[in-house]
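In: quick one, fold the following:
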Amino acid sequence: MACFIAEHNLSFNIASHLNKLICAVCPDSKIAEQLSISRTKARAIIVIVTGQTAEKHIIEMLQNNCFALLVDESTDKSTIKHLALVARIVKLDFSVEDRFLTLIPIVDGTATALYGKIVEYFVEKNIPYKSNMIGFASDGANVMFGDKHSLVTLFKNDIPHIFTMKGICHSFNLCASYACEKLPRGVEDFCRDVYNHVQNSPKRIGDFKTFQAFTNIKPHKLLHPSHTRWLSLIEVVNRFLEQLPAIKLYFQAAVHINMDADMPAAPTPTTRSAVNGPRQAAAPVAAPRTTTPTVPRSGTAALPSTPTLVADPQRRRCPLCRRPHRLPQCVIFKGLPPQQRQLVVQAHGHCLNCLTPVHQTHECTSGNLCQICMRPHHTMLHRAPGNDTSQPPAGRNRGAVQRPPLRRDARPRRTIGPSSSCARRPHNGASTRRQQQRPRPRRTSGLSSVVATLQQLQRILG
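Out: All right, here's what the predicted structure looks like:
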């Protein structure tokens, strides 16, 4: 039982409980009845009997066989620095075996002090290291592998034929790091920026899990590139590729909400006629509809309900991002493929033809058709077998006047008078109102660089 505890690195306190367990499992065993072990006895057996016997066996192997020494420094929880010695022993039948030798407490970390501690241990245990020690390996620190004065140079003075080797993982990392300097480090910076933005905030982690559930992606955590675990970068990139759809939607929504927060509060829109004309006298506006149904008077037929001029503010909010706009104008909705758009529309009970929440699809009286296939569904829900780059056919709306598409960068020309001051100062009246209604320039957000890097990564991945 003591050897089982030492082999599996279990606590000494488990010894007394393990004794009771064996007696309960084997109540008819006479050996179990006579078994008695506790924490103190288990520790004494492991430290005094088993430990010293194993150490003597290893020392005898080092005295009679060739070996290589593996050295590394370590610091435990009590901030005591130790020098770990591991011996790789070559037996007479040419079989190789690694054995942990000892931990030597050290105070001075110089090459001379480390060399003195190791030689002192070999002399104390009567190990002929100058004749049996054929190899030495450690990390690439200057104390271990310096050219002028290090642990390797001191051992080479005593053992000229010794074979030395640096830590191969660290050497491979240096070679790969120098080679990767010729490549752009945008992927690694992108992974670090996204991780620092999302994983350091519980609120953002919760928001990101919502987008993971929406895109049907496993709710795995984002990984962070480690400075010491060099081979972890491939796992980080694979995890980001797995979570890429959720990451795209998350940052699109974050940028959209941030821009809306930077914009000044717009005044409450009023109902205007389709033709911009002079304002009439202020007329009383109907109150918003409530959920209380109206009861028709006796003797009169109930008139069909008509939509009021001012809609309920709750009905004007987007069901996807809860912003004050309709669903077809949502940035997140536009970034989804047509199949997921249809799932969103059906999940929130919108009409598949006009995308309004006031009626079902079979109740829709709109004559609008898809601009691509001319079928009764909205154009944003059209599914094409490939990338359809054809222009939409004319005549989507029956009887509607077709207008040429407007370019985004196209702006209406303003009439400039002969004086330059007129071009700089707006006139009073209608031009002043137009200037007041123009949105102010949006301030740059810290998320813009992350989104730009995300789009660049998407173009690289194809």
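In: the residue nearest to residue 353 when sequence neighbours are not counted: how many residues sit nearby?
Out: Spatial nearest neighbour of residue 353, excluding adjacent residues (CB to CB, 6 or more residues apart in numbering): residue 364 at 4.6 Å. In this view, the C-beta of every residue, glycine as well, is placed from N, C-alpha and C. Look at residue 364: counted by other CB atoms under 10 Å, it has 16 neighbours.
In: and the gap between residue 364 and residue 334?
Out: Noted for residue 364: a distance of 22 Å to residue 334, by CB to CB, to the nearest Å.
In: can I assume the residue nearest to residue 353 is in contact with residue 350?
Out: No: with contact defined as CB atoms under 8 Å, residue 364 does not count as touching residue 350 (10.4 Å).
In: could you list the low-pLDDT ranges of the protein?
Out: 75-78, 228-231, 256-316, 385-462 (pLDDT under 70).
In: residue ranges for the strands of it, please.
Out: Secondary structure of the chain (DSSP state E): strands at 66-75, 81-90, 96-105, 133-137, 163-165.
In: sorry, back to before: how near is the residue nearest to residue 353 to residue 377?
Out: Relative to residue 377, and taking CB to CB, residue 364 is found at 10 Å.
In: same check, this time on residue 150
Out: 75 Å.
In: residue 116 too?
Out: 84 Å.
In: what does residue 70 give?
Out: Distance from residue 70 to residue 377, by CB to CB: 70 Å.
In: for stretch 133-148, give me every contacting residue.
Out: 66-72, 88, 90, 109-111, 114, 150-153, 155, 159, 161-167, 170-171 (CB atoms under 8 Å, 6 or more residues apart in numbering).
In: at 6 Å instead, please
Out: 66, 68-71, 111, 150-152, 155, 162-167, 170 (CB atoms under 6 Å, 6 or more residues apart in numbering).
In: need the buried ones from these selected in PyMOL.
Out: Selection of buried members from the contacts of stretch 133-148 for PyMOL, criterion 16 or more other CB atoms under 10 Å:
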select buried, resi 68+69+70+71+111+150+151+152+155+162+164+166+167
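In: could you pull up the residues touching residue 159?
Out: Here residue 159 is in contact with residue 130 (criterion: CB under 6 Å, 6+ apart).
In: no wait, residue 69
Out: Here residue 69 is in contact with residue 136 (CB under 6 Å, 6+ apart).
In: who does it bridge with?
Out: residue 87, residue 136 (DSSP bridges).
In: burial count for residue 46?
Out: The burial count for residue 46: 17, using other CB under 10 Å.
In: what about residue 329, distance to residue 133?
Out: Distance from residue 329 to residue 133, by CB to CB: 76 Å.
In: more neighbours: these two, which one.
Out: residue 133 (23 against 12).
In: which residues does residue 378 contact?
Out: residue 355.
In: alpha carbons only: can I get stretch 136-155 in PDB?
Out: Extracted in PDB, the C-alpha atoms of stretch 136-155 (Å, rounded to 0.1, in the frame of the first residue of the first chain):
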ATOM      1  CA  PHE A 136      25.600  16.400 -20.200                       C
ATOM      2  CA  ALA A 137      22.400  18.200 -21.200                       C
ATOM      3  CA  SER A 138      20.500  21.300 -19.900                       C
ATOM      4  CA  ASP A 139      18.700  24.300 -21.200                       C
ATOM      5  CA  GLY A 140      20.500  27.100 -23.200                       C
ATOM      6  CA  ALA A 141      21.000  29.500 -20.300                       C
ATOM      7  CA  ASN A 142      24.400  31.300 -20.100                       C
ATOM      8  CA  VAL A 143      25.100  29.700 -16.700                       C
ATOM      9  CA  MET A 144      24.700  26.300 -18.300                       C
ATOM     10  CA  PHE A 145      26.000  26.700 -21.800                       C
ATOM     11  CA  GLY A 146      28.000  29.900 -21.900                       C
ATOM     12  CA  ASP A 147      31.200  30.000 -24.000                       C
ATOM     13  CA  LYS A 148      33.500  31.600 -21.500                       C
ATOM     14  CA  HIS A 149      32.600  30.500 -18.000                       C
ATOM     15  CA  SER A 150      29.700  28.000 -17.500                       C
ATOM     16  CA  LEU A 151      28.800  24.600 -16.200                       C
ATOM     17  CA  VAL A 152      29.700  23.000 -19.500                       C
ATOM     18  CA  THR A 153      33.200  24.600 -19.700                       C
ATOM     19  CA  LEU A 154      33.900  23.500 -16.100                       C
ATOM     20  CA  PHE A 155      32.900  19.900 -16.900                       C
END
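In: which parts of it are buried?
Out: Buried, per 16+ other CB under 10 Å, within stretch 136-155: 136-138, 141, 143-145, 150-152, 154-155.
In: returning to that earlier point: for residue 151, see how far away the residue nearest to residue 353 is.
Out: Applying CB to CB to residue 364 and residue 151 gives a distance of 83 Å.
In: what do you get for residue 339?
Out: 64 Å.
In: try residue 243
Out: When residue 243 is compared with residue 151 (using CB to CB), they lie 45 Å apart.
In: how is the protein carved up into domains?
Out: Following automatic domain parsing, one gets these domains for the chain: 1-63, 65-180, 184-263+312-384+447-462.
In: what number of residues are in the vicinity of the spatially closest residue to residue 46 that is not a sequence neighbour?
Out: Leaving aside its chain neighbours, residue 46 sits nearest to residue 6 (4.8 Å; criterion: CB to CB, 6+ apart). Counted with other CB under 10 Å, residues neighbouring residue 6 total 18.
In: the chain should start at 39 in everything you say after this.
Out: With the count now opening at 39, the last piece we talked about shows up as residue 44.
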